[in-house]
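S.K.: Sequence isn't available, so here's the structure alone:
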């Protein structure tokens, strides 16, 4: 076979080899992969495997995974809990993945011209999914990787003129809706990972937020800026408005941090325009037509189970009703106060509208923490959902893991904290599964060596008190900077 070469093009292609041996024989095959050239694929193979056997490569990979997964150590719980936890952590580290070859070469966005990087160029940016929690987890536990991902995002901006939305192998697919890159950039920067060009990042975010013509990241932006919402002439008008609002809120946070006062005011105002789609009678968001009238007929249940509908993407009005985590107080006011908010939120679960298998509503179990006296509902719901949807068996996930998003939800939930408002560097607190969780913090980004979360008291109880470094902590929300400086968060159950 040496020297044999055949080029085959197509979408569904492959090859197979057949062997004839007198007795059962183990065959070892080494395969080199490159998105640039066959020569690079060969170099990747030679540099990364050298003369090692399969067993040696296996041991090397196992040691590397052990090192990465050991960034978080858990104590307590049962063996199934630990298997589920570390499987989920493994899932979060599969994507995004490295695009560049051993020599640093990679294909440029769109043109596929060969470029070279001194860093790590990442690909597979499923941002509609991962902006909600995965990148927040990377910032906390693997900040160097998150920094390299952000730098890859800015390289993509340099190469294509736009931030990525759903990039795959140096190609922008523009899959899904919204403009989520800005949320990730803001969240990363506000968590203290600042070793990237923040002014370029801000420039890129504002460009996609304001460009009226040929804007691949924000289709339908003209009516959004003019009226505050997309109308039924645009696909998924309500949910897309919500996504644009979420990114505009993140831009306002970064503008404030960079002392850009006018932009802070402008984007803060834009971020709450979803309110114009709130129907006070239904207490739900619903689509408006181009003339401003409500779209009729309107079925709040239409869109469940990924069926097409007017107004929503991969969901219905109930599943999007609370997806404004940056303006929960404003939503409460629209719903008549905390009582009305809680009752409406309870209906999402009691009527079986909550969908653990999809992204729009995955933060909803944590929203009861915004209602004093109702925090127990969050604790109860989160544990019920973990038990029902995440199990140690082949069908142990609620569905598509969406490049680690569902697993990131689980990791956070098992640790007892969750980044409830993407872009905003805060966590909300629930009950951990384990007695003790120790996160090794990267000294290049954080001052403390470790972050410890401890649980004490009744095994299946609800939170009685919370302590931060031995002192009483009287809130179910904690800022990222306070959490990592505090070094020990203790959650006492009753």
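M.R.: Received it, and whenever you're ready, just let me know what you need. Predicted model only: the values in this text are computed from it and were never measured.
S.K.: hey, what's residue 294 bridged with?
M.R.: Counting by DSSP bridges, residue 294 is bridged to residue 288.
S.K.: That one touches residue 280, doesn't it?
M.R.: No. Residue 294 is beyond contact range of residue 280, at 11.7 Å (criterion: C-beta atoms under 8 Å). (C-beta placed from N, C-alpha, C; glycine too.)
S.K.: who's more crowded, the two?
M.R.: residue 294 (14 against 9; other C-beta atoms under 10 Å).
S.K.: That one: what's it in contact with?
M.R.: 279, 286-288 (C-beta atoms under 8 Å, 6 or more residues apart in numbering).
S.K.: Looking at these, spot the one nearest residue 10.
M.R.: Using C-beta to C-beta, the shortest approach to residue 10 within the contacts of residue 294 belongs to residue 287, at 40.9 Å.
S.K.: if I look at the closest one, how far off is residue 44?
M.R.: Distance, residue 287 to residue 44, using C-beta to C-beta, to the nearest Å: 49 Å.
S.K.: out of those two, which sits in the more crowded spot?
M.R.: Neighbours were counted for residue 287 and for residue 44 using other C-beta under 10 Å; residue 287 has more, 24 against 19.
S.K.: what about the residue nearest to that one when sequence neighbours are not counted, how many neighbours?
M.R.: Closest residue to residue 287 apart from its sequence neighbours, by C-beta to C-beta, 6 or more residues apart in numbering: residue 311 at 3.5 Å. Here the count is done by other C-beta under 10 Å, and residue 311 has 29 residues near it.
S.K.: Point me to the helix or strand that includes residue 267.
M.R.: Assessed by DSSP states H and E, residue 267 sits inside helix 261-270.
S.K.: I would like the residues contacting that helix, please.
M.R.: Against helix 261-270 from outside (C-beta under 8 Å, 6+ apart): 206, 209, 225, 228, 244-245, 248-249, 251-252, 255-256.
S.K.: quick check, nearest of those residues to residue 344?
M.R.: Nearest to residue 344 among these, with distances taken as C-beta to C-beta, is residue 245, at 19.0 Å.
S.K.: part of a strand, is the closest one?
M.R.: No. Checked against DSSP: H, G, I helix; E, B strand; the rest coil, residue 245 lies outside a strand; its state is helix.
S.K.: That one is in contact with residue 272, isn't it?
M.R.: Yes. At 6.8 Å, residue 245 and residue 272 qualify as touching, with contact defined as C-beta under 8 Å.
S.K.: These two: which has the busier surroundings?
M.R.: Using other C-beta under 10 Å, the more surrounded residue of residue 245 and residue 272 is residue 245, with 25 against 17.
S.K.: What confidence value was assigned to the more buried one?
M.R.: Looking at residue 245, its pLDDT stands at 99.
S.K.: Please determine how far it is located from residue 276.
M.R.: 11 Å.
S.K.: swap in residue 247?
M.R.: Counting by C-beta to C-beta, the gap from residue 247 to residue 276 is 17 Å.
S.K.: Determine the number of other residues adjacent to residue 295.
M.R.: 15.
S.K.: That one against residue 311, yeah?
M.R.: Yes. Counting by C-beta under 8 Å, residue 295 touches residue 311, with 6.8 Å between them.
S.K.: Could you name every residue contacting both of those two?
M.R.: Joint contacts of residue 295 and residue 311 (C-beta under 8 Å, 6+ apart) are 232, 286-287.
S.K.: quick one: which of these is nearest residue 55?
M.R.: residue 287 (58.8 Å).
S.K.: picking up where we left off before, quick one: common contacting residues for residue 245 and residue 272?
M.R.: With C-beta under 8 Å, 6+ apart, residue 245 and residue 272 have common neighbours 324, 327.
S.K.: and the gap between the most centrally placed residue in the chain and residue 104?
M.R.: Taking C-alpha atoms, centre = their mean, the centroid of the chain lies closest to residue 130, which sits 2.2 Å from it. As judged by C-beta to C-beta, residue 130 and residue 104 stand 25 Å apart.
S.K.: Can you give me every residue that contacts the nearest residue to residue 257 once chain neighbours are set aside?
M.R.: Nearest non-adjacent residue to residue 257, counting by C-beta to C-beta, 6+ apart: residue 190, 6.4 Å away. Residues in contact with residue 190 (C-beta under 8 Å, 6+ apart) are 253-254, 257, 423-425, 480.
S.K.: Show me which pair in these is furthest apart.
M.R.: Longest span within the contacts of residue 190, C-beta to C-beta: 254 and 480, 14.8 Å.
S.K.: of these two, who's got more company?
M.R.: Taking other C-beta under 10 Å, residue 254 and residue 480 do not tie; residue 254 has more neighbours (25 against 20).
S.K.: What sits closest to the more buried one if chain neighbours are left out?
M.R.: residue 186 (4.5 Å).
S.K.: could I get the shared contacts of residue 295 and residue 311 as JSON lines with pLDDT and distance to residue 342?
M.R.: What follows is the shared contacts of residue 295 and residue 311, written out as JSON lines (pLDDT from 0 to 100; distance: C-beta to C-beta, whole Å):
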{"residue": "232", "pLDDT": "97", "distance to residue 342": "31"}
{"residue": "286", "pLDDT": "98", "distance to residue 342": "21"}
{"residue": "287", "pLDDT": "98", "distance to residue 342": "26"}
